[in-house]
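**Q** Need a 3D model of the following:
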Amino acid sequence: MPLSAFAGLALLLASVGLYGVLSQLVAQRTQEIGIGMALGARKADVLMLIVRQGIVLTGIGIIAGLVAAWLLTRFLRSLLYRPDANDTLTLAAVSFLLLFAAFLAANIPARRAARVDPTVALRYE
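**A** Numbering: from 1, shown residues only. Here you go, the predicted structure:
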């Protein structure tokens with residue numbers, strides 16, 4: 001039980017951190033989003049742009065994490081007695097949970113960016 005609580009806390013912290021990064025990226029691109037909206041971009045296009053960016057960033061992180069996990073389990077296998085180095089179910093479940101958390105964390109800044117008034121966004125900064 002305590003180990004799963006720590007895993008849940010780690011997932012929560014990763015989701016909050018991802019939300020913070022995506023919010024900052026959206027804030028930096030407010031003027032660009034406003035120009036796109038002024039030129040006729042639909043809200044669905046803005047939503048997809050932000051969500052896709054979050055999913056791609058998370059995908060890169062998941063791939064790097066899977067490679068690191070594979071390398072570290074090979075190293076730990078030489079130090080510990082009979083560890084399971086090929087726990088693909090756990091790695092797949094964690095990867096799926098992180099992608100789902102990234103999708104949820106990307107939706108909040110994406111919906112906020114889709115509601116941006118083009119005149120306000122053009123005057124931003």
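**Q** how about the helix or strand of the chain with the lowest mean pLDDT as PDB, C-alpha atoms only?
**A** Confidence across the helices and strands of the chain bottoms out at helix 118-122, with a mean of 75, counting by mean pLDDT, DSSP states H and E. What follows is helix 118-122 as a C-alpha-only set of coordinates in PDB (Å, rounded to 0.1, in the frame of the first residue of the first chain):
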ATOM      1  CA  PRO A 118      -7.900  38.200 -30.600                       C
ATOM      2  CA  THR A 119      -7.800  41.900 -29.700                       C
ATOM      3  CA  VAL A 120      -6.600  41.200 -26.200                       C
ATOM      4  CA  ALA A 121      -4.100  38.700 -27.400                       C
ATOM      5  CA  LEU A 122      -2.600  41.100 -30.000                       C
END
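**Q** Return the set of buried residues in it.
**A** Applying a neighbour-count criterion of 16 or more other C-beta atoms under 10 Å, one finds 118, 121 buried in helix 118-122. Heads up, the C-betas are built off the backbone N, CA and C, glycines and all.
**Q** in terms of contact, does residue 66 touch residue 95 like I think?
**A** Yes. Contact criterion C-beta atoms under 8 Å: residue 66 and residue 95 qualify, at 6.9 Å.
**Q** Point to the residue nearest the middle of the protein.
**A** residue 102 (3.5 Å; C-alpha atoms, centre = their mean).
**Q** which residue packs closest to that residue, ignoring adjacent ones?
**A** Once flanking residues are discounted, residue 102 sits nearest to residue 58: 3.7 Å by C-beta to C-beta, 6 or more residues apart in numbering.
**Q** which strands and helices sit next to the strand or helix carrying that neighbour?
**A** Assessed by DSSP states H and E, residue 58 sits inside helix 43-79. With contacts defined as 3 or more C-beta pairs under 8 Å, 6 or more residues apart in numbering; DSSP states H and E, helix 43-79 has these neighbours: helix 2-28, helix 30-38, helix 88-114.
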